[in-house]
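> Make a model of this:
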Amino acid sequence: MEHHFADCTLDDARLTLTRGGSAVAVEPKVFDLIHLLLRNAGDLVTRDRMVEEIWGGRIVSESAISACIAAARKAVGDNGKAQAVIRTVARRGLMLVAKVSREADARPSVPAQAPAATAQRIRYCKNEDGCAVAYAISGEGPPVLRFGPLQTTDLEMEWAYGLHRSCISSMALHTRYLRFDNVGSGQSERVQREIDFETEARDAAAVSDAAGFDRFAAVSFSGGCLAALNFAALYPERLTRLAIVGGYVDGRSRRSADASPDALKSMIAEGWARPESAFASAFAMSYFPEGPAEEAREVLREMQAACPPETMLRDRDVINDATVAPLLDQVRCPVLILHARDDAVHPLSQAQKLAAGIPRAELVVLETANHVPLHGSACWENYNYTLAEFLTG
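Numbering: from 1, shown residues only. Reported below is the predicted structural model:
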């Protein structure tokens, strides 16, 4: 069904929103809110109903709801002052006040169980050393390359798990999203090799070439920033912009002359091979103290499957001793740094150091203690919208 209102069209079969004939990138929950208001055009939609239908009845902060409403207004060309499309009913909820017309989509519909909707297509390319690197592409739109946390991604498990699938779908809603597994982990060739971040960057270039990406944006998560910043220095002509989530300049061994022993390494040694052990759970909660617990466990299960314990332990020392400080002033593209205010793994001071060292970089501080926001985090909507808006320009 196509819903026409103001100068917008929302197609609830293809999950698209256009304004003035141009596609508008929106996060899934923002899309769902607009759809909910359209289905009830002219009627009051209470905040309780919004929480029930958009967030599944979970406890949601006022800031998350407000961010979602603000994003919905922006998407349809409205604002809190004009309220020409979405009107606030004080202390009660929202009402869509624009005139709405509807028409059934005459185009052939895609079967619900079409292979494209249910199957992920993993492809392979060879890096400079001849190793097989697995990659997958989702969605249509501006090209975006992901640098995932080193050695801890698995394309197949990401597709199988609900949390990761929703994150992929969110990015694929408005970008052509390219993900790959590092050599030695996930679906890539499981060979033992020393971590070298310039080599990891060259692997990313090989994947980009195979996928037909010439110039593109990139997003890096956690330790993936080490390879991403090497890529930005090696291939400045290819990178249009770079987002860094949970990144850092110096590994923990370099941050202090008297750095304490790596507790996370001890947790890996004791619990990595036993998925439900207390040590493995402690590792997950170190990164995601705010949970939700099930989503944190899902991240842990993927990491454990992606990389064997001996590889994690071997690589941990390299990562702890790494630094990208000499590369920062070589980055030429726009950079957005998103970092949790209370991150205990890589402190906010590391994000500030990134922002201070990279020319014209911008820093957004996220109100969470989770290393990277999870789908159930209170800051998720604001984080996801900010990231998508930056990556799509």
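> just for the stretch 201-350 of the chain, where's the confidence low?
Along the stretch 201-350 of the chain, segments meeting pLDDT under 70 span 257-261, 275.
> just the strands in it please.
Counting by DSSP state E, counting those that start in this stretch, the stretch 201-350 of the chain has strands at residues 216-221, 239-245, 335-340.
> same question, the stretch 51-200 of the chain
According to DSSP E, counting those that start in this stretch, the strands that the stretch 51-200 of the chain contains are 86-89, 93-96, 100-103, 123-126, 132-138, 143-147, 176-180.
> Can you tell me which helices and strands the longest one packs against?
To tie it back to what came earlier, the one meant is strand 132-138. Applying 3 or more CB pairs under 8 Å, 6 or more residues apart in numbering; DSSP states H and E, we find strand 132-138 packed against strand 123-126, helix 155-160, helix 162-172, strand 176-180, helix 197-211. For every residue, glycine as well, the C-beta is placed using N, CA and C.
> Deepest in the core, which of the ones you listed is it.
Mean neighbour count (mean count of other CB atoms under 10 Å) peaks for strand 176-180 among the helices and strands packed on strand 132-138, with a mean of 25.
> between that one and strand 132-138, what angle do the directions make?
Interaxial angle, strand 176-180 versus strand 132-138 (axes from the mean of the first three to the mean of the last three CA atoms, to 10 degrees): 160 degrees.
> quick one: contacts of strand 176-180?
Here strand 176-180 makes contact (CB atoms under 8 Å, 6 or more residues apart in numbering) with 133-146, 148, 153, 155, 158, 168, 171, 188, 203-204, 207-208, 211, 213, 216.
> Using PDB, write down the CA coordinates of it.
In PDB, the C-alpha atoms belonging to strand 176-180 read as follows (Å, rounded to 0.1, in the frame of the first residue of the first chain):
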ATOM      1  CA  ARG A 176      24.800  -0.600  -0.200                       C
ATOM      2  CA  TYR A 177      26.400  -2.200   2.900                       C
ATOM      3  CA  LEU A 178      29.600  -4.200   2.300                       C
ATOM      4  CA  ARG A 179      30.800  -6.500   5.200                       C
ATOM      5  CA  PHE A 180      33.800  -8.800   5.300                       C
END
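> Name the strands paired with that strand and say parallel or antiparallel.
Counting by DSSP bridges, the strands paired with strand 176-180 are strand 132-138 (antiparallel), strand 143-147 (parallel).
> Can you report how many residues lie near residue 352?
Counted by other CB atoms under 10 Å, the residues lying close to residue 352 total 15.
> From the centroid of the protein, which residue is nearest?
Among the residues of the chain, the one closest to the centroid is residue 167, at 5.9 Å (CA atoms, centre = their mean).
> Pretty sure that one sits against residue 376.
No: using CB atoms under 8 Å, residue 167 is not in contact with residue 376, being 11.9 Å away.
> Pick the most buried one from the strands paired with strand 176-180.
The most buried one of these (mean count of other CB under 10 Å) is strand 143-147, showing a mean of 25.
> re earlier: distance check, the residue nearest to the centre of the chain against residue 320.
27 Å (CB to CB, to the nearest Å).
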